[in-house]
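Undergrad: model this:
(one chain, ligands or ions: 1)
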Amino acid sequence: MESRNERRSGRRRFTAALVCLAAMAASPAWAGSAPSGHAPIGVMGDHTHGQGELMFSYRFMRMGMNGLRDEDERVSRSHVLNEFMVTPTKMDMDMHMFGAMYAPIDRVTLMVMVPWVELEMEHRTGMGVTFTTKSEGVGDVRAGALIDLWSSGMTGAHGGHSANGREHAKSGHHGGARRPSHKVHANVMFSFPTGAINRRDRTPASGGAKVRLPFPMQIGSGSYDFLPGLTYTGRDGPIAWGAQARGEIRLDENHADYRQGNEYALTAWAAYDWNRWLSTSLRTEWQHTLNHRGSDPAVSPTPTVPTKDPGRRAFQRLDFLAGVNLIVPEGPFSGTRFAIEAGVPAYQYLDGPGLETDWIATVGVQYAIH
Ligand SMILES: [Cu+2]
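TA: Predicted coordinates for the structure are as follows:
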C-alpha cells in the first residue's frame, strides 16, 4: 500500500515536470522569434538582446573586385598603364568575423567582434608581367555597446529580437488587431588598431625582397576609430524593416604617418517571414569613404601603382543586396540562425583609377544562450 509520503513525492515530481514543460514552452523566446527578427546578415549591430542573453556569431564575407574604374566610368588596363608602371587587375577580400554579444541589462548590449582578414591582389605591369601579392592576419578588433533608446508597440519595453519575436508570435494570433512595432538603438562602438599596417610581400620590382604593400593590402586602419551608429527596426506581422546610419571616424594618426579616410554609410532593408523558419530580404546601402591623409614613408612617394596613392582611396558606392534568414524553430538547436546575403553595386564612383567592386556576399551563423 502506498504511503502518504510516497504519494506526496509523486505529486511533487508531477508538478515539477509540469513546471518544466511550461518553462520549456514559454522560455525559448527563440521558438517564437521570427527569422526576420535579425537584419540581413550583412548588417552588424542590427539587434539588441534582453537581459542575460549571450550570443555568438560567425560571419564570412567576401568582396570580389575585378575590372578598373576611374570616377564613374570603366577604364581599360592600358588606360591605367599610360599613367602608372603597374595596374591592379583583380582583388579578393575575405573576412572571417567572430562576434559575441551579451546584455548585462535590458537596455545595454555589449558587443565584441574579432576579424581575420585575407587579401589577395593580382597585377599586370606595363611589360605584361603578372604577379600576385597576399596578406592576412587579425584585423581591427571592435568592441562597444548597443544602447536601446526608444521602442513602441512591443510586449517588452526593451529587448530586441526576443521582444520582437514574442510580439510577432502574439500578433499572429490576433490577426487584424496587431499594431506595428518600432525600436531605435544607438551603436557606440570602437575599433582598436590590432590589424597590421606593415604587411610586406614580393613584387617584380622588389628584387626578391619583401616590401611594404600598398594601402588596400594592409589589414587594419592603424588608428583608434570611433564607430557611431543609429539603428531603427520596425515590424508589422510578417513584415520587418529597418535602417542604419553608421560612421567610422579615425581618432588619431597611425604609426605609419597616415590617417585612413573616414567612412559614412546608410542602409535600409525590408524582409518578409514566409513561415516560422524562413525570411527573405532586400537591402540597399550607400557608402562614402574619404581619402587617406598623410602617407606611409615606407610606401613609395612616387606611386608606381594607383594603390600606393593616399589620394586615390576615396569612393562612393550604392549596393543592392538580397538575403535569406533561416532559424531553427524547435529542437535542441532551437533559435540557431543561418543567413546569407549577396549583392552588387548599382553605382560606384572612385577617386581612381582603381579596382571596382563587382559583388559582395556574407554568410553567417548565430547561436544564442539564455
Ligand atoms: Cu545578437
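
Undergrad: the ion contacts on the stretch 1-150 of the chain?
TA: Applying C-beta under 5 Å from the ion, we find that the stretch 1-150 of the chain lies next to the ion at 55, 101. Glycine gets a C-beta too; all of them are placed from N, C-alpha and C.

Undergrad: in the stretch 1-150 of the chain, what spans have low per-residue confidence?
TA: 1-32 (pLDDT under 70).

Undergrad: chain center to the lengthiest strand in the chain: distance?
TA: Scanning the chain for the longest strand, with DSSP state E as the assignment, gives strand 337-369. Its chain's C-alpha centre and that of strand 337-369 lie 9 Å apart, by C-alpha atoms, centre = their mean, to the nearest Å.

Undergrad: in that strand, what counts as buried?
TA: Buried residues in strand 337-369, counted by 16 or more other C-beta atoms under 10 Å: 337-343, 345, 348-357, 360-364, 366, 368.

Undergrad: cool, and stretch 328-336?
TA: Buried, per 16+ other C-beta under 10 Å, within stretch 328-336: 328-329, 335.

Undergrad: can you give me the strands for the stretch 201-350 of the chain?
TA: 210-212, 225-236, 239-250, 258-259, 263-273, 278-289, 293-294, 315-327, 337-369 (DSSP state E, counting those that start in this stretch).

Undergrad: closest residue of the stretch 101-250 of the chain to the ion?
TA: Met101 (4.0 Å; C-beta to the ion).

Undergrad: quick one: which helix or strand includes the residue lying closest to that residue once chain neighbours are set aside?
TA: Nearest non-adjacent residue to Met101, counting by C-beta to C-beta, 6 or more residues apart in numbering: Met55, 4.4 Å away. Under the criterion of DSSP states H and E, Met55 resides in strand 54-71.

Undergrad: what's Trp241 in contact with, if anything?
TA: Trp241 sits next to 233-235, 268-271 when contact means C-beta atoms under 8 Å, 6 or more residues apart in numbering.

Undergrad: for it, name its beta-bridge partners.
TA: Gly234, Ala270 (DSSP bridges).

Undergrad: how close does it get to Thr203?
TA: From Trp241 across to Thr203, the span is 47 Å (C-beta to C-beta, to the nearest Å).

Undergrad: surely Thr132 touches Arg124?
TA: No: using C-beta atoms under 8 Å, Thr132 is not in contact with Arg124, being 10.6 Å away.

Undergrad: who has more neighbours out of these two?
TA: Using other C-beta atoms under 10 Å as the criterion, Thr132 and Arg124 rank with Arg124 on top: 18 against 14.

Undergrad: so out of everything in the stretch 201-350 of the chain, what residue is nearest the ion?
TA: Residue nearest to the ion within the stretch 201-350 of the chain: Arg337 (9.1 Å; C-beta to the ion).

Undergrad: report pLDDT for that residue.
TA: Listed pLDDT for Arg337 reads 97.

Undergrad: in this structure it contacts Leu326, no?
TA: Yes: the pair Arg337 / Leu326 is scored as a contact, 6.7 Å apart, by C-beta under 8 Å.

Undergrad: and for the two, which residues touch both?
TA: Common contact partners of Arg337 and Leu326 (C-beta under 8 Å, 6+ apart): Pro35.
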